[in-house]
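A.B. asks: Build the 3D model from these lines:
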Amino acid sequence: MDDIKIRQIAVDDVYYSQIYDLREEVLRKPIGLSLKNEDLSGDADDIILGAILDNKVVGCLMIHPTDAVHKVKIRQMAVADEWQGKGLGRMLMTEAEQHSWRNNKTHIILHARVTAQPFYDKLGYHTTSDVFTEVGIPHVVMEKMKP
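C.D. replies: Coordinates of the predicted model:
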């Protein structure tokens, strides 16, 4: 894990296409969807974090601004299959939280797939909704306040 670097990626960065591919492979393809059918223009408004190892993106997430000045939404968290269960997701979330707290955000929300709910529970997120369907699969809203 020491060789993995977490860095901010802009939409015009060379790594953005790899982030797109990872999101497609991990988040959309398994449920029969494609990012090609989605409006990605909002990506430019997000803080995009990429986990990079040997010039390859192995994980990513996006920090999306909300209408509330002190709140952000984490979205599009993806970790390459070969890196799942090895702490990379926790590493990305820790960096996203630290970035948010440093930038005067006090409240993080996310829509977690029900299958990922235990992961976010371990990171101190609390479920604040009933189960709902998003992109055809069950999700819940989870939230965390700045300590």
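A.B. asks: can you tell me the distance between the two ends of stretch 116-133?
C.D. replies: 14 Å (C-alpha to C-alpha, to the nearest Å).
A.B. asks: Ignore what I typed, I meant stretch 109-126.
C.D. replies: 9 Å.
A.B. asks: which outside residues touch that stretch?
C.D. replies: Residues outside stretch 109-126 that contact it (C-beta atoms under 8 Å, 6 or more residues apart in numbering): 66, 71-75, 77, 89-90, 93, 108, 127-128, 131, 134, 137-144. Glycine gets a C-beta too; all of them are placed from N, C-alpha and C.
A.B. asks: what's the longest helix in this structure?
C.D. replies: Longest helix in the chain by number of residues, with DSSP state H as the criterion: helix 88-102.
A.B. asks: before we move on, the earlier item: show me how to select, in ChimeraX, the buried members of the contacts of stretch 109-126.
C.D. replies: To isolate the buried ones among those in ChimeraX, judged by 16 or more other C-beta atoms under 10 Å, type:
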select :71,72,73,74,75,77,89,93,108,139,140,141,142,143,144
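A.B. asks: which residues are contacting the longest helix of the chain?
C.D. replies: 1, 4, 6, 47, 49, 51, 58-61, 63, 72, 74, 77, 79, 108, 119, 123, 144, 146.
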